[in-house]
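>>> What follows is a predicted protein model with its sequence.
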Amino acid sequence: EVQLVESGGGLVQAGGSLRLSCAASGFTFDDYAIAWFRQAPGKEREGVSCIASSDSTTYYEDFVKGRFTISRDNAKNTMYLLMNSLKPEDTAVYFCNGRRKHQSYWGQGTQVTVSS
């Protein structure tokens, strides 16, 4: 059974930091590109950052560039999102995603709330 389980969300003040984790099981983690998405209330889900399976090339959306860092530990089948300098507009449910060709797996999401 494929599972992606996020953890690490919570309530933090603006300017603070959180590290999200996503533990994967049930598929060959190394072969999959991984990504973090988020969905704020009343808004569509949007991509935040991704990291390739092959050479670990990373990509960040402009609104998190310089503040967030994505990483993966293939030995632990786990992906991370380190979020620094958090802003109230970062408040959302954060989802991890693993994808390869036509396959795409999602976690259940973890709430991140940034107070001003």
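Perfect, I can see it now.

>>> Next, the contact list for residue 9, please.
Contacts for residue 9 were tallied using CB atoms under 8 Å, 6 or more residues apart in numbering; they are 18, 20, 94, 110-112. (Each C-beta comes from the backbone N, C-alpha and C, glycine too.)

>>> Please, a PyMOL command that selects the buried ones among those?
Selecting only the buried entries of the contacts of residue 9 in PyMOL, with 16 or more other CB atoms under 10 Å as the criterion:
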select buried, resi 18+20+94+110+112
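
>>> Just send the contacts of residue 9 back as TSV, with pLDDT and distance to residue 69 too.
Compiled in TSV, those are given as follows (pLDDT from 0 to 100; distance: CB to CB, whole Å):
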residue	pLDDT	distance to residue 69
18	98	12
20	98	11
94	98	14
110	97	17
111	98	20
112	98	15
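
>>> Format the contacts of residue 9 as CSV; extra columns: distance to residue 71 and secondary structure.
What follows is the contacts of residue 9, written out as CSV (distance: CB to CB, whole Å; DSSP: H, G, I helix; E, B strand; the rest coil):
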residue, distance to residue 71, secondary structure
18, 14, strand
20, 11, strand
94, 15, strand
110, 17, strand
111, 21, strand
112, 17, strand
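
>>> Tell me the one of the contacts of residue 9 nearest residue 52?
Proximity of the contacts of residue 9 to residue 52 (CB to CB) peaks at residue 20, which lies at 19.0 Å.

>>> Distance check, that closest one against residue 55.
23 Å (CB to CB, to the nearest Å).

>>> Report the distance from stretch 100-114 to the chain centre.
7 Å (CA atoms, centre = their mean, to the nearest Å).

>>> And it, what's buried?
105, 107, 109-110, 112, 114.

>>> Reformat these as JSON lines; add distance to residue 3.
Below are these laid out as JSON lines (distance: CB to CB, whole Å):
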{"residue": "105", "distance to residue 3": "8"}
{"residue": "107", "distance to residue 3": "8"}
{"residue": "109", "distance to residue 3": "13"}
{"residue": "110", "distance to residue 3": "14"}
{"residue": "112", "distance to residue 3": "21"}
{"residue": "114", "distance to residue 3": "27"}
